[in-house]
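Engineer: All I have is the shape, not the residue letters:
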């Protein structure tokens, strides 16, 4: 019965128009029907047009108005064809054709005025009925307009909700990539070193580093998954801890501060920490470097993050790391560049506005 639910409004209007017109004919005993065949043809055409109102809302409203303009002067007694026009008028306004619907109201009432003035048999619509009909039509257009704007607001709200959900999924995906990518890379490096070291003491040191890195990875993974519960996010206070964990793989990591360090908005500190983390991960995995310098610049309106290494340089391998860092910077209205340095090595630089 899906078709019945879909066409229920059109069927209801059709039944009301046909039954109402039939009762009008049957209850009019004063005089015989005049041009009854034309009247029924116009009635059926109006009802049939109603079924096209979803695809052609304004055209169907205009067509039913033309049917009314022909029906009422030519036939007698009067049926309920006007109901089909009223419904399609509301539908046109609800579909967003508000100006067109308002024009049809003006045209309809102008047609009534012209018909009354040119009638040779006197007035058929008194002043009260005229103003009542005008108010009825205006109310239908206003109601349709309200329904249209309400539907637009709902669609906008749903689109914004979908966009927020998408942004949240991307944010969590970046978090998981940064957390797991960094620590698993350290574990991979240390595991490889342990396999090639014959000295048990050195192998034991590598295994200890692996244990610490895996423990930290689990802690950060729990924190990342707990972001939906508003768990505290990583901040720049942990950069020293991050540098120490990377240094365990054999890299020398220096941290430099330009300006006066201060507390920043949590989203800025979080993004800066993840940029440093991903940059150090890339150095440990791909650069073949010995030294890395992490420089944090505290400006009046922005935080700059710069990570330089003395590795082999060259183009960065394709992946999601640099793209994720750039997305973090753009989400805050900032920018990020990642390119080889002229003197050798590689540089990642981000500027994060502080609002």
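Structural biologist: Ah, there it is. Computed from a prediction, not measured in an experiment: that's the story for all the values here. Numbering: from 1, shown residues only.

Engineer: going forward, measure contacts between C-alpha atoms and count neighbours the same way
Structural biologist: OK.

Engineer: where in the stretch 1-150 of the chain is pLDDT low?
Structural biologist: 28-33, 119-124 (pLDDT under 70).

Engineer: got it, and the stretch 251-355 of the chain?
Structural biologist: Per-residue confidence for the stretch 251-355 of the chain (pLDDT under 70) gives these ranges: 316-320.

Engineer: check contacts around residue 303.
Structural biologist: 296-297, 351-354 (C-alpha atoms under 8 Å, 6 or more residues apart in numbering).

Engineer: Most neighbours among the residues you listed, which one is it?
Structural biologist: residue 352 (26 neighbours; other C-alpha atoms under 10 Å).

Engineer: what secondary structure does it sit in?
Structural biologist: For residue 352, the assignment made with DSSP: H, G, I helix; E, B strand; the rest coil gives strand.

Engineer: which residues pair with it across the strands?
Structural biologist: Counting by DSSP bridges, residue 352 is bridged to residue 303.

Engineer: So it versus residue 251, what's the distance?
Structural biologist: Computed as C-alpha to C-alpha, to the nearest Å, the residue 352 to residue 251 distance reads 27 Å.

Engineer: Which residue, other than its chain neighbours, is closest to residue 347?
Structural biologist: residue 308 (4.6 Å; C-alpha to C-alpha, 6 or more residues apart in numbering).

Engineer: residues in contact with that neighbour?
Structural biologist: 292-294, 345-348.

Engineer: Which of those fall within strands?
Structural biologist: 292-294, 346-348 (DSSP state E).

Engineer: Tabulate those residues (a markdown table), appending distance to residue 98 and neighbour count.
Structural biologist: What follows is these, written out as a markdown table (distance: C-alpha to C-alpha, whole Å; neighbours: other C-alpha atoms under 10 Å):
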| residue | distance to residue 98 | neighbour count |
| --- | --- | --- |
| 292 | 64 | 26 |
| 293 | 63 | 18 |
| 294 | 60 | 23 |
| 346 | 60 | 25 |
| 347 | 57 | 20 |
| 348 | 54 | 23 |
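
Engineer: Quick check: the farthest pair among those?
Structural biologist: Greatest spatial distance among the ones in strands among the contacts of residue 308 (C-alpha to C-alpha): 294 and 346, at 12.1 Å.

Engineer: any idea which element the residue nearest to residue 350 when sequence neighbours are not counted lies in?
Structural biologist: Ranked by C-alpha to C-alpha, 6+ apart and with sequence neighbours excluded, the top spatial neighbour of residue 350 is residue 336, at 4.2 Å. Assigned by DSSP states H and E, residue 336 belongs to strand 335-340.

Engineer: and that strand with strand 346-353, angle?
Structural biologist: Interaxial angle, strand 335-340 versus strand 346-353 (axes from the mean of the first three to the mean of the last three C-alpha atoms, to 10 degrees): 170 degrees.

Engineer: re the thing from before, between the contacts of residue 308, which is closest to residue 258?
Structural biologist: The closest of the contacts of residue 308, once distances to residue 258 are taken by C-alpha to C-alpha, is residue 294, at 10.8 Å.

Engineer: Mind giving me the packing neighbours of the strand or helix carrying residue 117?
Structural biologist: Taking DSSP H and E as the criterion, residue 117 maps to helix 98-118. Helices and strands touching helix 98-118, by 3 or more C-alpha pairs under 8 Å, 6 or more residues apart in numbering; DSSP states H and E, are helix 57-74, helix 81-94, helix 127-196.

Engineer: can you give me the helices for the stretch 201-350 of the chain?
Structural biologist: Remark: helices assigned in the stretch 201-350 of the chain by DSSP state H, counting those that start in this stretch are 239-247, 266-282, 321-331.

Engineer: For residue 69, which of these is the nearest?
Structural biologist: That would be, of the helices of the stretch 201-350 of the chain and by C-alpha to C-alpha, helix 321-331, which comes in at 58.8 Å.

Engineer: Return the set of buried residues in that closest one.
Structural biologist: 321-322, 324-330 (16 or more other C-alpha atoms under 10 Å).

Engineer: before we move on, what about stretch 97-113?
Structural biologist: For stretch 97-113, by 16+ other C-alpha under 10 Å, it's 97-98, 100-102, 104-105, 108-109, 112.

Engineer: With stretch 18-28 instead?
Structural biologist: 18, 20-21, 24-25.

Engineer: and if you look at stretch 305-323?
Structural biologist: Here stretch 305-323 shows 305-313, 321-322 as buried, counting by 16+ other C-alpha under 10 Å.

Engineer: With distance to residue 270 added, can I get those in TSV?
Structural biologist: TSV is the format used below for these (distance: C-alpha to C-alpha, whole Å):
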residue	distance to residue 270
305	12
306	15
307	16
308	20
309	22
310	26
311	27
312	29
313	27
321	16
322	16
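
Engineer: Tell me which entries of the residues you listed lie within strands.
Structural biologist: 305-309.

Engineer: Return the member of the residues you listed nearest to residue 56.
Structural biologist: Of those, the one sitting nearest to residue 56 (C-alpha to C-alpha) turns out to be residue 305, at 57.2 Å.

Engineer: Nothing else from me, thank you.
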